[in-house]
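In: Predicted model, plus sequence, below.
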Amino acid sequence: MAVTILGIESSCDDTSAAVVRDGRLLSNVMAGQEVHRRYGGVVPELASRAHQQHIVPVVDRALQEAGVTVEDLDAVAFTQGPGLLGSLLVGASFAKGLALARDIPLIAVNHLMGHVHALFLEGPEKSPSFPFLCLLVSGGHTQLMRVTSPLEMETLGKTIDDAAGEAFDKCAKMMDLPYPGGPVIDRLAQEGDPRRFSFAMPRVDGLDFSFSGLKTSFLYFLRDELKKDPAFIEKNRHDLAASLQDTIVRILMEKLIAAVERTGIRRVAIAGGVSANSALKKAVTTAGKDRGWEVFIPRPRFTTDNAAMITMTAYFKYQQRLFAPQNITPRARMML
Ligand code: KG4
Ligand code: ZN
């Protein structure tokens, strides 16, 4: 019997629904929220209201595109956390209601685990085998995982302050660039010189990361230069973007290489919003060639938040009958 699962992701500002059948993705629909752009960040109140408006049409379209009806569903999944509580609540309530109405199992998914499972969306042939290392880099998290089976992940190291995506976004904001800054920096950096400016590299033991020093160093640097020339940012935006991006990528790569050396695992993946970054993808691919790693990078549409990855996690949980009770609550903070 085929197993068909509907999954909902609503942890931040995008409402997304996806259908997975027997581990294969049938549809993945997304509705973004333009409302936040003018505020330079996500406004939680506006986000939950927009989720409420989007969720029914997004689910409808996901079912339609998959060619299934609610009667065909064997389970319904939702992102339990981490994320914005009000936003999570919309997805959780919808999923609970549907599970109750259809009398099907409810599956709660950890958003971070979902990011890792984006690597399994290209079909079994292209998925990493176990064990593999995964550098999980998103707007809120930066951690190095050893993944030993679909649902067994161990954190080898993580950021002690800001996340990599946060470093991109905050530094972009200092440059007056629109939110989210990561993709904008990436684009500007294409025409910039990554060696033009240098910023502080952190000294953190083991496999942990730190990005707050870079943020401070970037801020002071801009402040000093702007005193000399108020048009400094405008004149140097490409080189600034390229140099900043290069520093972030070097911080990430240093620890990724150390993790491979420490564990001896040569299957290496990246996941999360920042894994869409072209310099990071290039650095991992090159390191893979030079060092004999097997490298896995999710397609761009699966790197930023999406329901496809959440539904893939749900598929793995379904196989182990890891279902959630009706009284389960969303959680703003959750670890992997
Ligand atoms: O995983 P994600 O969609 O949301 C979280 O779970 O946090 O990640 C969003 C983060 C943002 O910080 C965004 O700036 C960053 O991913 N990002 C990028 C790129 N695309 C998205 N950072 C650098 N380069 C990109 N191309
Ligand atoms: Zn995410």
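Out: Right, received. Where do you want to start? Ligands and ions are numbered 1, 2, ... in the order given.
In: Every contact and neighbour count from this point should use C-alpha atoms.
Out: Noted.
In: Based on its surroundings, how many neighbours for residue 293?
Out: Using other Cα atoms under 10 Å, residue 293 is surrounded by 18 other residues.
In: my read: residue 144 touches residue 256, true?
Out: Yes. Between residue 144 and residue 256 there is a contact at 7.4 Å, judged by Cα atoms under 8 Å.
In: nearest residue to residue 19 other than its sequence neighbours?
Out: Excluding its sequence neighbours, the residue lying closest to residue 19 (Cα to Cα, 6 or more residues apart in numbering) is residue 6, at 4.6 Å.
In: any idea how far that neighbour lies from residue 145?
Out: 27 Å (Cα to Cα, to the nearest Å).
In: Neighbour count: these two, which is higher?
Out: Shown here are residue 6 and residue 145; by other Cα under 10 Å, residue 6 has more neighbours (34 against 24).
In: Tell me which helix or strand that one sits in.
Out: strand 4-9 (DSSP states H and E).
In: For the residue minimising distance to the centre of the chain, give me its contacts.
Out: Centroid-nearest residue in the chain, with Cα atoms, centre = their mean: residue 272, separated by 2.7 Å. Residue 272 makes contact with 115-116, 136-138, 303-305 under the criterion Cα atoms under 8 Å, 6 or more residues apart in numbering.
In: Spatially, which two of these are the most separated?
Out: Using Cα to Cα, the pair of the contacts of residue 272 lying farthest apart is 136 and 305, separated by 12.6 Å.
In: what residues are shared contacts of those two?
Out: By Cα under 8 Å, 6+ apart, the residues touching both residue 136 and residue 305 are 115, 272.
In: Same drill for those two, tell me which one is more crowded.
Out: The neighbour comparison of residue 136 against residue 305 (other Cα under 10 Å) goes to residue 305, with 27 against 23.
In: State the phi and psi torsions of that one.
Out: Main-chain torsions, residue 305, degrees, to the nearest 10: phi -50, psi 130.
In: Begin at 10 from now on, thanks
Out: Shifting the count to begin at 10 puts that one at residue 314.
In: starting at the chain centroid, how far to the strand holding residue 15?
Out: Taking Cα atoms, centre = their mean, to the nearest Å, the mean C-alpha location of strand 13-18 is offset from the chain mean by 18 Å.
In: My reading is that residue 157 is in a helix; is that accurate?
Out: No. Assigned with DSSP: H, G, I helix; E, B strand; the rest coil, residue 157 falls outside any helix and is strand.
In: coming back round to it: contacts with ligand 1 among the contacts of residue 281, please.
Out: Filtering these for neighbours of ligand 1 using Cα under 6 Å from any ligand atom leaves 147, 313-314.
In: Single out whichever of those residues has the smallest pLDDT.
Out: In terms of pLDDT, the lowest of those is residue 313, showing 90.
In: That residue: what's it in contact with?
Out: Applying Cα under 8 Å, 6+ apart to residue 313 gives the contacts 147, 281-283, 285.
In: can you pull out the strands in the chain?
Out: Under the criterion DSSP state E, the chain contains strands at 13-18, 24-30, 33-40, 84-90, 115-119, 141-146, 151-158, 161-167, 276-280, 303-305.
In: Packed most tightly, which of the ones you listed would that be?
Out: Compared across the strands of the chain, strand 13-18 shows the largest average neighbour count, a mean of 31 (mean count of other Cα atoms under 10 Å).
In: Alpha carbons of that strand, as CSV, please.
Out: Output in CSV follows, covering the C-alpha atoms of strand 13-18 (Å, rounded to 0.1, in the frame of the first residue of the first chain):
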residue,chain,number,x,y,z
THR,A,13,0.7,9.5,1.1
ILE,A,14,1.6,12.3,3.5
LEU,A,15,0.7,16.0,3.4
GLY,A,16,3.2,18.2,5.2
ILE,A,17,2.9,21.9,6.3
GLU,A,18,5.7,24.3,7.0
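In: That one pairs with which strands?
Out: strand 24-30 (antiparallel), strand 84-90 (parallel) (DSSP bridges).
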